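Engineer: model the following, please.
(chains A and B)
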Number of protein chains: 2
Amino acid sequence: MRKFVGERAKRLITKNTIAPLVTLSNCQTTSTLSSSNYCCNRSHLPRLPSSLNFPLRCYSVMASKGASPPITVESLNPQVLKCEYAVRGEIVSIAQKLQQDLQKNPGSKSFDEILFCNIGNPQALGQKPITFFREVLALCDHPSLLDKRETNSLFSSDSIARALKILDQMPGRATGAYSHSQGIAGLRDTIAAGIEARDGYPSDANDIFLTDGASPGVHMMMQLLIRSENDGILCPIPQYPLYSASIALHGGTLVRYYLDEATGWGLEISELKKQLEASRQKGTTVRALVVINPGNPTGQVLAEENQRQIVEFCKKEGLVLLADEVYQENIYAPDKKFNSFKKVCRSMGFGEKDIPLVSFQSVSKGYHGECGKRGGYMEVTGFNTEIREQFYKLASVNLCSNISGQILASLVMCPPKVGDESYDAYFSERDGILKSLARRAKTLEDAFNRLEGVTCNKAEGAMYLFPRIQLPKKAIKAAEEANRAPDAFYAIRLLNSTGVVVVPGTGFGQVPGTWHFRCTILPQEDKIPAIVSRLTDFHKKFMNEFRD
Amino acid sequence: MRKFVGERAKRLITKNTIAPLVTLSNCQTTSTLSSSNYCCNRSHLPRLPSSLNFPLRCYSVMASKGASPPITVESLNPQVLKCEYAVRGEIVSIAQKLQQDLQKNPGSKSFDEILFCNIGNPQALGQKPITFFREVLALCDHPSLLDKRETNSLFSSDSIARALKILDQMPGRATGAYSHSQGIAGLRDTIAAGIEARDGYPSDANDIFLTDGASPGVHMMMQLLIRSENDGILCPIPQYPLYSASIALHGGTLVRYYLDEATGWGLEISELKKQLEASRQKGTTVRALVVINPGNPTGQVLAEENQRQIVEFCKKEGLVLLADEVYQENIYAPDKKFNSFKKVCRSMGFGEKDIPLVSFQSVSKGYHGECGKRGGYMEVTGFNTEIREQFYKLASVNLCSNISGQILASLVMCPPKVGDESYDAYFSERDGILKSLARRAKTLEDAFNRLEGVTCNKAEGAMYLFPRIQLPKKAIKAAEEANRAPDAFYAIRLLNSTGVVVVPGTGFGQVPGTWHFRCTILPQEDKIPAIVSRLTDFHKKFMNEFRD
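Structural biologist: Now for the predicted structure:
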């Protein structure tokens, strides 16, 4: 060791390109180098477990003259710096800090837990997974259970049958093997059959790309479509900030179209036209229209007639239609129905050659809320073979999406059927969740509407309410002084007083001068009354403090 | 319906912006529109299941004057078009086609199965997963098993204990919940402890970012570091093509440094310097150095002394060190040992402030080969708080990596220990796989070295051999005529003759004028003799056909 150090040091000194290498106490005999200038102070070294006693040498290497400039935040990709993602922004950091405080000092706050209403994450708030789905996953991951006698009493017969079918579809019968880049062919067949049953129109397994949730699919589309900041993507405002983040990351331009709060977050074609034209006049090539149906954060469910208009608009304007349909199972208004854009296109007679359409689906949403599994798919239609080869290549660079997520996506699109052993339990779990979500949505909506200066549209679908708050001028001034957006000021106050985490409307976009926040409808039902009373008390106090 | 159609049609005609809407047979009475010019032929419509009889209308919408140009492959992001990924390129498409042929007409080829030696995918080739890992996964996904009496006889006591511990670490005890953007804190603690045990130096759970395999981590780093084509990343040649693909996707410049085949794919600092300087002279800002250790596709394991030189080089030149360490468990040469770059840095006295270092790990590799689970992590050290906030933001935009992958990453870094009920089984499974891989590597290496004009370095680690073929001029000419790279010509011939899928060296990069292919060592041991004899026969025939 010493020999090496000495030789190396001499070589380095001779070359005179880096500062001499210096040894710590265990090799201080290296004669030429005992200048304290070069010597590292061991206290600057990383803490070492006391049980360890490794020979430590300290290298002091000076930067070369032409060295790359040090990595600073300013030297990072400006597209990354520009990107924002409010759903996990500052308010969540504050909430995490509060949660740690509560764990350390229980009883130190006026509330005993943090309620994360910032994100659609049902199972984190106590929702139980669908039993059938988890039986199949467990059997696929640990197939030797299928050889055991006890398994018949522990698992339903249809979960066993489904697991066997899925295992047969996988290379090596292994959930641990990479699949085809688009996902396991047999699972894509099942999903395509599910889409066909949903829509009444054919679906092709070759059009399905399984993804780790909807987000990677959205990123893939942005990556394909955006060439420079001259390329624009029409997005609803308010929007789920994945879209603005992904457009920023890929260097494109967000072209806003505003949903009309007064008509229940209506999507007006005249507004689409206006924004498209304005954007074109600025020299932007608009490449795609994002529609989120049911809406996030706005909760509206589009009428079929409205969807036809949107399809016509895209066809006429040469836009790719990016249809975020991840909340397709979450419909609470009895008079509303989800129609996929693919179904609407096909019902208008538009086929494969007429309109490029991507439908995003996710296992994170729906009644099952399997967010942590990161499963989903895109159904990609209306693109020619050459373009599809590029999709395939991009999917291949990441090898494949995770197999548990792939399996879940197939289960979600083809759940137990009448007559299957699991059906009754499945139906009751599903129905119980959806009915409860509808009740929670109504209770919270009513509660918001009772607050002074607050109006809240109905959550017809999805998982959120997006109430509007008329903030007093005094509150807006106080926010300004605190260097925060007024809705962020309100949301942080709410969090600190009640432990309820909501996301300020600023993070989703809103008509300038209006203020909102997004609140999920996901806390378990027994927590709702306490949330309502805390919210109400907080709001009264807030208004009393700031009323003009 | 007819009323709607009529009104809509009139409105559209009045506006004169889109061509009139035409109805099919079921609404042909709409009077103003019965020109056959506008009428769609139903045969152009998508095939409908015969059981369906939906009211179909056919919209014929003409593009608006200012419409966006149609989406063609030429109009996609040129960075996507530039990106290449050979591991799943043309040769895999040919292989998939052959496999389908074999399924349809068994016995129609001179081989009875396709052997996918193109990709490190052990479980697809019959490797069994580690029992303990799968027990824990199944229990975490279906925790109601933990309440059942039968579970004690079906699962080991330590898998039950581990599952209970992991469930306690998760929000809602749910594998279906999104986690912290970096991954579940408790799992990160376990991983950090595993790194500490491996290296003998501290590791901080806050430095761990759990990822869906190593690839998304690499993409994240490229996204952060690359601002334009003026930013370069030093990559080994031959390299795993994820790197070239990711650099192309993010619009940067690949700065090649060549590994020295003659010294067992040695990584020479002089070569790094030469390429760095040449690149700087062209005006490229080189931001990072990628090192793959153990090497892919080259299989070498770096000596600690060499790693120290690399660390010094990065320090001196101001480069981020991107250490691909996904094969750290796959070491076959008895005289070789894996040293993490973090350990090497710390042993040199370099701490948090001295060198930005990212270590990538994956559950896809190692002895366990859990590719389909898409789990992994990056350990990120040496970046300041502001930069780390950008890492966190990027991780947040994708919410979190999949929880099964997260759990597996923690199991891989903290497997059963002596005294645990599972230990003996675990050790024997692990040892069995690693010893078998070493035997397979040796057998294939010897077989390659016996072929005329082929030389093959030892696979000291990882999962691949990368033999060099001296192709006769005649073969090179024949390849040229077939419009293929000579090594692709060879590999496709090999595939068509033997069913063995290898990846041409062109896909990884190689010294110009040399030809190679990558072959995994993963087919199960009972298949190796047949592979060797088929390869040998093929090669003889090939050389006989083309010998100059």
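
Engineer: got phi/psi on the residue most central in space within chain A?
Structural biologist: Central residue of chain A (CA atoms, centre = their mean): A:Ser215, 5.7 Å from the mean position. Phi and psi for A:Ser215, reported as degrees, to the nearest 10, are phi -50, psi -50.

Engineer: is it in contact with B:Leu399, as I believe?
Structural biologist: Yes - A:Ser215 lies in contact with B:Leu399 (CB atoms under 8 Å); the separation is 6.6 Å. Placement of C-beta: from N, CA and C, glycine included.

Engineer: related to what we said a few turns ago, show the model's pLDDT score for the residue nearest to the centre of chain A.
Structural biologist: On pLDDT, A:Ser215 comes in at 96.

Engineer: quick one: residues contacting A:Ile208.
Structural biologist: Neighbouring residues of A:Ile208 by CB atoms under 8 Å, 6 or more residues apart in numbering or on different chains: A:182-183, A:188, A:191-192, A:377-380.

Engineer: residues of the stretch 201-350 of chain A that sit close to chain B?
Structural biologist: Taking CB under 8 Å from any CB of the partner chain as the measure of proximity, the stretch 201-350 of chain A contacts chain B at A:201-202, A:212-213, A:215-216, A:219, A:223-227, A:242, A:245-246, A:249-250, A:277, A:280, A:285-287, A:305, A:308, A:311-312, A:315-320, A:346-350.

Engineer: swap the cut-off to 7 Å and go again
Structural biologist: The stretch 201-350 of chain A comes close to chain B at residues A:201-202, A:212-213, A:215-216, A:223-227, A:242, A:245, A:249, A:280, A:285-287, A:312, A:315-320, A:346-350, as judged by CB under 7 Å from any CB of the partner chain.

Engineer: neighbour-wise, which one of the contacts of A:Ile208 leads?
Structural biologist: Of all the contacts of A:Ile208, A:Tyr377 has the most neighbours under the rule other CB atoms under 10 Å in any protein chain shown, reaching 32 neighbours.

Engineer: can you find the helix or strand in chain A with the smallest mean pLDDT?
Structural biologist: When the helices and strands of chain A are scored by mean pLDDT, DSSP states H and E, strand A:22-23 comes last with a mean of 31.

Engineer: kindly check the end-to-end length of stretch A:295-305 for me.
Structural biologist: With CA to CA, to the nearest Å as the measure, stretch A:295-305 spans 16 Å from end to end.

Engineer: list the buried residues for it?
Structural biologist: For stretch A:295-305, burial by neighbour count (16 or more other CB atoms under 10 Å in any protein chain shown) applies to A:295-302.

Engineer: what's the most distant pair in the residues you listed?
Structural biologist: Spanning the widest gap among the buried residues of stretch A:295-305 are A:Pro297 and A:Leu302, at 15.3 Å by CB to CB.

Engineer: domains of chain A?
Structural biologist: As given by automatic domain parsing, the domain ranges for chain A are A:2-58, A:83-126+A:434-546, A:131-176, A:178-413.

Engineer: what's the first-to-last distance across the last one?
Structural biologist: One end of domain A:178-413 sits 22 Å from the other (CA to CA).

Engineer: one more: the shortest one?
Structural biologist: Distances were taken as CA to CA; on that basis the terminal residues of domain A:131-176 are 22 Å apart.

Engineer: cool, stretch A:318-333 as well?
Structural biologist: Stretch A:318-333 has an end-to-end distance of 33 Å (CA to CA).

Engineer: can you tell me the closest non-neighbouring residue to A:Ala475?
Structural biologist: Distances taken as CB to CB, 6 or more residues apart in numbering or on different chains put A:Phe546 closest to A:Ala475, at 3.8 Å, once the chain neighbours are dropped.

Engineer: same check on A:Thr175?
Structural biologist: Per CB to CB, 6+ apart, closest to A:Thr175 is A:Ile403, 4.5 Å.

Engineer: count of neighbours near the one you found?
Structural biologist: Per other CB under 10 Å, the neighbour tally for A:Ile403 reads 32.

Engineer: my read: it touches A:Ser179, true?
Structural biologist: Yes - in this structure, A:Ile403 is within contact of A:Ser179 by CB atoms under 7 Å, at 6.4 Å.

Engineer: find residues that contact each of those two.
Structural biologist: Common contacts of A:Ile403 and A:Ser179 (CB atoms under 7 Å, 6 or more residues apart in numbering or on different chains): B:Gly372.

Engineer: before we move on, the earlier item: can the contacts of A:Ile208 go into a markdown table with extra columns for distance to chain B and pLDDT?
Structural biologist: As requested, the contacts of A:Ile208 are exported to a markdown table (distance: CB to the nearest CB, whole Å; pLDDT from 0 to 100):
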| residue | distance to chain B | pLDDT |
| --- | --- | --- |
| A:Gln182 | 11 | 97 |
| A:Gly183 | 11 | 97 |
| A:Arg188 | 14 | 98 |
| A:Ile191 | 16 | 98 |
| A:Ala192 | 12 | 98 |
| A:Tyr377 | 15 | 98 |
| A:Met378 | 15 | 98 |
| A:Glu379 | 13 | 98 |
| A:Val380 | 12 | 98 |
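
Engineer: for chain A, give me the ranges with low pLDDT.
Structural biologist: Per-residue confidence for chain A (pLDDT under 70) gives these ranges: A:1-59.

Engineer: one more time with 90, if that's ok
Structural biologist: Confidence mapping of chain A against pLDDT under 90 gives the ranges A:1-71, A:84-90, A:92-93, A:171-172, A:352-353, A:548.

Engineer: ok, the closest residue to A:Lys337 other than its chain neighbours - contacts?
Structural biologist: Excluding the flanking residues, the one nearest A:Lys337 by CB to CB, 6+ apart is A:Ile331, at 6.9 Å. Shown in contact with A:Ile331 (CB under 7 Å, 6+ apart): A:294, A:301, A:337-338, A:460-461.
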